[in-house]
Every structure is written in C-alpha cells, then in structure tokens.
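here is a sequence with its predicted model. Questions after.
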Amino acid sequence: MAGLSIENARKSFGETQVLRGVSIDVADGEFAVIVGPSGCGKSTLLRAVAGLEELTEGRIAIGGRDVTDLPPSARGIAMVFQSYALYPHLTVYENMAFALRIAQADKGAIDSAVRGAAAILNIEGLLERKPAALSGGQRQRVAIGRAIVRQPQIFLFDEPLSNLDADLRVRMRYEFAALHKTLGTTTLYVTHDQVEAMTLADRIIVLRDGRIEQIGTPRELYERPANIFVAQFLGTPRMNIIPAVLTTDGRARLDDGREINLPTMAAALAPGTRVSVGIRPEHLRIGAAPDALPFTISFVERLGGLATVHLQADGAGERIACQFRDDGSLSEGATIALQLPPDCLHLFDAGGGALPREAYK
C-alpha cells in the first residue's frame, strides 16, 4: 500500500480549464471520496492519477514516488470504471486473469490470485460464465476482482455504482465498505452521489468548477460546512438557506420582517450586515414557544416513517423544508409553530462563506 499526493494539478482542454490547482494528500490505507456536481473535474482528476490524462501542470506521487510522467502500467494503480469494461468474449475467470497473463505471471500464481479474489467477492460460482450472463451487480464484482488480483498500491473507482438500481446501490455500498476493511488498500473513489460519499469516506473532497471547496470527514463537512455550496450539496433534504439582516442583541430579521435568535459568533458582527441563515431540515422543531414562528404547510412528502414538510410564511418569503417522524397529523394548508434553535443555525456572509460560531455542539 501507499499514500497519494496530488500537487497543484491543472488540466485544460484547449481554452477550457477543467482542473484549477487541485492539491490533495490521501494517507496510506485511507478511503477518500471525491464528490461534486457533473462537470466539476472529478473524473478528469481520477484519470490523471491513473495516467489516462496528462496534466497541464502539477505533480502526482504514489508512495513518495513521482509518477507524473509514468504510463498507467507503471504507477501501481488499478481502476474500476463506471461501465465495468469487461471483455464480453472472455469468461469471468479469464477477465480477472487477463492483466496477470499480459504481465506473464506464473500460471499457479494467476490461479491463486483469481480464486482468492473470487472468494473475497463471493463470485466463485461465476468463474466460467461470460459477462452477458451476469447481473449488473455481478459484473461490478468481476470488475473489482480484476482490480484486486493486480494487488495495486491504490484503487481508483470512477462512479462504479451509477449504473445499478437503487436497492443494489445500497447493498454494494456495504460491500465496498467491507472490502476496504478487509484489504486496507488506499482508495480514491469518485461519485456525484453525496449519500455514497457520506457513507463510504474516511474523508470527502468536495470539488466545484475544478477547485476544492472543502476537505474533511463526513461529520466535519456536514456539521461545519465551509460555505453554502458544501452546506447544500451534502444532506438530503438539503440545508435551508434564509436571507436575513443582523439587528441587535444577537438577533436577525428575516426578509418577511420576523426576527430570530442567533448563535453566539466567534467575532462581533455589525447590525445591518446581510447574511444567510442556514438550518438543516431535521433540526427544525414543531411546537409553541416564545420564539416560535408560524408557517403554513404547502406540501407534505410522506416517506414511510418520515415526512418532509415544505413550509412558507403567509405566502411570502423563503420556502423552507423540515423533516419529522410522520404521525399522519400534518396536512397541507395547516399552520404550525416552528422553532429555529440558535445552536443549530449556520451563518454565511454575502459571498457564501461560513461565519464561525463561538463553539459547536
């Protein structure tokens, strides 16, 4: 195994800049996930690490060895693609053995490696089948097995679950986590799915427009987002963002004229400052209280045990969403009293950057 270091990675296609100075360090044995919207540069970055794209500028090191100019075969990596990329005319066994045979490995060593990987992935009974006879989940296991037999220093995964149905994606996330626990190989995993990122990653790298927005553990990014983009990209339903103006005595006035209490901030903020107040749907509370505000229910999404309730203040102002246990009592058109607990609020400046609170819960 080995760590990965990416320094000031830049990539342009003609006049289009795709990567704009990306620097990342992935520790030995770490499972790092790159997440971001389509077109943010995450797959280009992964392909650059694999040696499938040449950087315009920057450096890539694996295990302390500069591999920037080395071909893919000399980098000690194995990549699993979104499309599986299996040879349709070869059996599962032959697909998994292919790279070792090209490398002229010993026949006994090849057989041992293929059957060992098949056992880890529970596909021993599929070795004589061809890809056309496999389900999507089975094909993905074969693609992973083909990577395992190479015993790489680093695994690279490019949106490996995007072609699977929702239920199978959930099960495969568990299998990815179990596989990493078993093998302990340094992993760089690309996805646009924030649920995959939150459930799999030791650390998440959030990309937007070829730049890093924030790096941290899933908990750090969820509880302390660096800006509005990260705050709303991670979390379902996404964080509510409400425009406001600071008043006095630690309060803010919303655009509809009502006021709320704010958390204690790390630095004094001048009255009249425009801010955005963020709160996650699950942190809102229903119930009468001195600081509760009336909202009208405009729509209820019932999801079995949970309900996502969409609210608006007297037909004006920002719509917000909250999430509660669904007891069937909430109905469209009803008015509820809603509390915005100050210790659950996030404040962002005019540029969207997070304003630090005095202390986090």
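That came through fine.

gap between the residue nearest to residue 282 when sequence neighbours are not counted and residue 194?
Nearest residue to residue 282 in three dimensions, chain neighbours excluded: residue 323, at 4.8 Å (C-beta to C-beta, 6 or more residues apart in numbering). In short, each C-beta sits where N, CA and C put it, glycine included. Counting by C-beta to C-beta, to the nearest Å, the gap from residue 323 to residue 194 is 16 Å.

residue 7 pairs with what?
With DSSP bridges applied, the residues forming beta bridges to residue 7 are residue 59.

also residue 310?
Counting by DSSP bridges, residue 310 forms beta bridges with residue 299, residue 321.

residues in contact with it?
297, 298, 299, 300, 301, 319, 320, 321 (C-beta atoms under 8 Å, 6 or more residues apart in numbering).

one step back: next, count neighbours for the residue nearest to residue 282.
When neighbours are defined as other C-beta atoms under 10 Å, residue 323 has 18 of them.

buried set for the host helix or strand of it?
Using DSSP states H and E, the element containing residue 323 is strand 316-325. Buried residues in strand 316-325, defined by neighbour count with 16 or more other C-beta atoms under 10 Å: 317, 318, 320, 321, 322, 323, 324.

just checking, what packs against that strand?
strand 240-246, strand 306-313 (3 or more C-beta pairs under 8 Å, 6 or more residues apart in numbering; DSSP states H and E).

where along the stretch 101-250 of the chain do the helices fall?
For the stretch 101-250 of the chain, the helices defined by DSSP state H, counting those that start in this stretch occupy 107-121, 136-148, 166-183, 194-200, 218-223, 228-233.

mind listing what's buried along the third one?
By neighbour count with 16+ other C-beta under 10 Å, helix 166-183 contains the buried residues 169, 172, 173, 176, 179, 180, 183.

ok, those vs residue 308, which is closest?
Among the buried residues of helix 166-183, residue 169 lies closest to residue 308 (C-beta to C-beta), at 20.8 Å.

tell me the confidence at the closest one?
Looking at residue 169, its pLDDT stands at 86.

quick check: closest non-adjacent residue to it.
residue 161 (4.7 Å).

nearest to residue 210, of the helices of the stretch 101-250 of the chain?
Comparing the helices of the stretch 101-250 of the chain under C-beta to C-beta, the one sitting nearest is helix 228-233, at 13.6 Å.

what mean pLDDT does the strand holding residue 323 get?
83.

in PDB, list the C-alpha atoms belonging to it.
Only the C-alpha atoms of strand 316-325 are listed here, as PDB (Å, rounded to 0.1, in the frame of the first residue of the first chain):
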ATOM      1  CA  ALA A 316     -44.200  35.200   1.200                       C
ATOM      2  CA  GLY A 317     -40.600  34.800   2.000                       C
ATOM      3  CA  GLU A 318     -38.300  31.800   1.500                       C
ATOM      4  CA  ARG A 319     -39.800  28.400   1.400                       C
ATOM      5  CA  ILE A 320     -38.200  26.000   3.800                       C
ATOM      6  CA  ALA A 321     -38.300  22.200   4.400                       C
ATOM      7  CA  CYS A 322     -38.400  20.300   7.600                       C
ATOM      8  CA  GLN A 323     -38.300  16.600   8.400                       C
ATOM      9  CA  PHE A 324     -40.100  14.900  11.200                       C
ATOM     10  CA  ARG A 325     -41.500  11.500  12.200                       C
END
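
contacts for it?
237, 240-243, 254-256, 279, 281-282, 284, 286, 295, 298, 305-312, 330, 338.

check contacts around residue 112.
By C-beta under 8 Å, 6+ apart, residue 112 has no neighbours at all.

from residue 129, how far out is it?
Taken as C-beta to C-beta, the span from residue 112 to residue 129 is 21 Å.

again, but for residue 226
Distance from residue 226 to residue 129, by C-beta to C-beta: 47 Å.

who's more crowded, these two?
The neighbour count for residue 226 versus residue 129, taken as other C-beta under 10 Å, is higher for residue 226 (19 against 15).
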